[in-house]
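Engineer: the following block contains a protein sequence and its predicted model.
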Amino acid sequence: MQLESLKMFCDVVETGSFSRAAQLNHVTQSAVSQQIRALENRYEQKLLSRSARQVTPTPAGERLFRGCKEILARFAEVEQEIREQATEVQGATTVSTIYSVGLHELNVVQKQLLKTHPKVNMRLNYRRNDQVYDDVILGAAEIGIVAYPQPRAGVDILPFRDDKLAVVCAPNHSFASKAKVSLTALSGVPFIAFDREAPTRKALDRLFREKNIDINPVMEMDNVETIKRAVEMGLGVAILPMATAHAEIKNSSLVAKPFAEGPVSRPIGLLIRKGKYLDRASAAVLEAFKQAALIPQDD
């Protein structure tokens, strides 16, 4: 029995899918099925329960999975220790991130990384929220960044920070002269919204329903940059993370107002593939995120 077979078995359990396990191991789905059958023949019992929607381990499969993960994790550590004889940490780590965080909130992480590990390169992939999960699960990225992180099979979630949200409008809008804007004041006002599938949009829709507020979305967009341009043109107001509008607020093309009801924020989380051993470069990037999270955000 080879370690590759055990890894494929663990990948099937973690992803709940033969096809995803095949992608992770760069083999055909048939090859994965053959390896699983070989394991079941070896132990003379069923290890996986297959349904139309997902693959789940049997009790025997669950026990084998736990033992295999320990073996594979230790083997990965030993391999990495052998490879990493150099004293200086170096290498590249891929981070998949949603646009609003990647474009506006990672400068502090980059500066921290440059300060502590100048030979580590953090490569950014800009993706939609659901694609970030897939990148991490399939191994296309070592770290993912999403808003409103939700539990998902095969992924561990680490808190990063909370984004302060604000009502954003053009300087000539009636809201611009107010100290604060109440949620109820948004009723009937032309509103530039995120795409309906965006987690931030879903969270705001829940908030509006709880407050019995009817908003008037005149435009729906999947990119914070295009939302800001529409607001600058006076087409409506928006609710955006403050961090995404700092440049426009500074040059007075946008005005941001806090909520009269009190602070509203969205959580940002880091995604790591469950059970994944991070090499030294990836561990350095993750540590830079943790240090950046301790730095207070500008209001």
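Structural biologist: Good, I have the coordinates.

Engineer: distance of Asn121 from Ala92?
Structural biologist: Asn121 sits 4 Å away from Ala92, going by Cβ to Cβ, to the nearest Å. C-beta coordinates here come from the backbone N, C-alpha and C atoms, glycine included.

Engineer: in stretch 13-20, what counts as buried?
Structural biologist: Neighbour-count burial for stretch 13-20, counted by 16 or more other Cβ atoms under 10 Å, picks out Val13, Glu14, Thr15, Gly16, Ser17, Phe18, Arg20.

Engineer: now it: average pLDDT?
Structural biologist: Average pLDDT, stretch 13-20: 90.

Engineer: start and end of it, how far apart?
Structural biologist: Stretch 13-20 has an end-to-end distance of 10 Å (Cα to Cα, to the nearest Å).

Engineer: which residues touch that stretch?
Structural biologist: By Cβ atoms under 8 Å, 6 or more residues apart in numbering, the list of residues contacting stretch 13-20 from outside reads 11-12, 21, 24, 29, 32-33, 36, 48, 54-57, 61-62, 65, 137-138, 153-154, 273-275.

Engineer: low-confidence ranges, the protein, go.
Structural biologist: Along the chain, the model assigns pLDDT under 70 to residues 1, 52, 83-87, 296-299.

Engineer: which strand runs longest in it?
Structural biologist: strand 155-169 (DSSP state E).

Engineer: which SSE is immediately downstream of that strand?
Structural biologist: Next in sequence after strand 155-169, counting helices and strands by DSSP states H and E, comes strand 190-194.

Engineer: list the contacts of the helix or strand following that following strand.
Structural biologist: With elements assigned by DSSP H and E, the helix or strand that comes after strand 190-194 is helix 199-210. Contact with helix 199-210 is made by 100, 129, 146-148, 150, 183, 186, 193-196, 214-215, 220, 239, 264, 266, as judged by Cβ under 8 Å, 6+ apart.

Engineer: of the contacts of stretch 13-20, keep whichever come out buried.
Structural biologist: With burial judged by 16+ other Cβ under 10 Å, the buried subset of the contacts of stretch 13-20 is 11-12, 21, 24, 32-33, 36, 48, 55, 57, 61, 65, 137-138, 154, 273-275.

Engineer: show the buried residues in the contacts of helix 199-210.
Structural biologist: Counted by 16+ other Cβ under 10 Å, those give Ser100, Asn129, Val146, Ala147, Leu183, Leu186, Ala193, Phe194, Ile215, Ile239, Val264, Arg266 as buried.

Engineer: what's the farthest-apart pair in these?
Structural biologist: By the measure Cβ to Cβ, Val146 and Leu186 form the most distant pair in the buried ones among the contacts of helix 199-210, at 25.5 Å.

Engineer: what about Ala292, how many residues nearby?
Structural biologist: Ala292 is flanked by 19 other residues according to other Cβ atoms under 10 Å.

Engineer: is it in contact with Asn107, as I believe?
Structural biologist: No - using Cβ atoms under 8 Å, Ala292 makes no contact with Asn107, being 9.2 Å away.

Engineer: quick one: residues contacting the closest residue to Glu220 other than its chain neighbours.
Structural biologist: Of all residues not flanking Glu220 in the chain, Ala193 sits nearest, at 5.0 Å (Cβ to Cβ, 6 or more residues apart in numbering). By Cβ under 8 Å, 6+ apart, Ala193 lies in contact with Arg201, Leu204, Ile215, Pro217, Met219, Glu220, Met221, Ile227, Ala238.

Engineer: let's have the residues you listed in JSON lines, adding distance to Asn41 and secondary structure.
Structural biologist: Below are these laid out as JSON lines (distance: Cβ to Cβ, whole Å; DSSP: H, G, I helix; E, B strand; the rest coil):
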{"residue": "Arg201", "distance to Asn41": "50", "secondary structure": "helix"}
{"residue": "Leu204", "distance to Asn41": "53", "secondary structure": "helix"}
{"residue": "Ile215", "distance to Asn41": "59", "secondary structure": "coil"}
{"residue": "Pro217", "distance to Asn41": "57", "secondary structure": "strand"}
{"residue": "Met219", "distance to Asn41": "58", "secondary structure": "strand"}
{"residue": "Glu220", "distance to Asn41": "53", "secondary structure": "strand"}
{"residue": "Met221", "distance to Asn41": "54", "secondary structure": "strand"}
{"residue": "Ile227", "distance to Asn41": "56", "secondary structure": "helix"}
{"residue": "Ala238", "distance to Asn41": "59", "secondary structure": "strand"}
